[in-house]
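Enquirer: sequence below, structure please.
(one chain, ligands or ions: 1)
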Amino acid sequence: MLFYFYRLFTGPKSYVGVSKNIIKRIKLHLLGFLPYNDNVRASEIIEYSKQHGTDVCLQIICVVDLPSRYEAEILEEFIINNIDCVNYIKNRVNPPNTKHHYLKEKVKCSCGCMISKRHLSRHQRTMKHLNSC
Ligand SMILES: [Zn+2]
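Expert: Just a heads-up that it's a prediction; the model follows:
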């Protein structure tokens, strides 16, 4: 998944964001219409520009291919910590459940059956397995 990391800025104020659809996201920022608490921070930028007559600028910081939003939020947090911006660090989404994924992985048993790791020890006690070994 491609994630766009961007900075909206005007005068001394910056807002950092991440999106998979940058054009749509920027439109929503400018309309002041986003279903996230985040938008309260972004609207500081828009309000400042209205009050001071400054332009709102967009800078694409980087475009990165990442496996999930979890990694994207870690990188976003790093950027927020390294740029003077209006953002707060938000609560991260949960990390991908790797343990669950591991258990669903299939392995080849010594008898030749393909068995999920979760069920391997149970399978090795079955007649099917014992008869073929
Ligand atoms: Zn077996």
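Enquirer: the helix or strand where Asn131 lies near the ion at all?
Expert: Assigned by DSSP states H and E, Asn131 falls within helix 127-132. Yes. Using C-beta under 5 Å from the ion, helix 127-132 reaches the ion at His129. All C-beta spots, glycine's among them, are computed from the backbone N, C-alpha and C.
Enquirer: now that helix: how far from the chain's centre is it?
Expert: Chain-centre distance of helix 127-132: 45 Å, with C-alpha atoms, centre = their mean, to the nearest Å.
Enquirer: show me where this protein dips below the pLDDT cut-off.
Expert: The chain contains residues with pLDDT under 70 at 32-40, 90-93, 96-103, 133.
Enquirer: how does it divide up, domain by domain?
Expert: Following automatic domain parsing, one finds the domains of the chain at 2-82, 99-132.
Enquirer: out of those, which is the most enclosed?
Expert: domain 2-82 (a mean of 15; mean count of other C-beta atoms under 10 Å).
Enquirer: okay, stretch 62-72 in PDB with CA atoms only?
Expert: Only the C-alpha atoms of stretch 62-72 are listed here, as PDB (Å, rounded to 0.1, in the frame of the first residue of the first chain):
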ATOM      1  CA  CYS A  62       7.500  11.200   1.200                       C
ATOM      2  CA  VAL A  63       5.600   8.400  -0.500                       C
ATOM      3  CA  VAL A  64       6.300   5.000   1.000                       C
ATOM      4  CA  ASP A  65       5.100   1.500   0.300                       C
ATOM      5  CA  LEU A  66       4.100  -0.100   3.600                       C
ATOM      6  CA  PRO A  67       2.400  -3.300   4.500                       C
ATOM      7  CA  SER A  68      -0.300  -1.700   6.700                       C
ATOM      8  CA  ARG A  69      -1.600   1.400   8.400                       C
ATOM      9  CA  TYR A  70       0.200   0.300  11.600                       C
ATOM     10  CA  GLU A  71       3.700   0.900  10.000                       C
ATOM     11  CA  ALA A  72       2.300   4.100   8.500                       C
END
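Enquirer: mind giving me the packing neighbours of the helix or strand harbouring Leu58?
Expert: Leu58 is located in strand 57-65, with elements delineated by DSSP H and E. Other helices and strands packing on strand 57-65, by 3 or more C-beta pairs under 8 Å, 6 or more residues apart in numbering; DSSP states H and E, are strand 2-10, helix 69-82.
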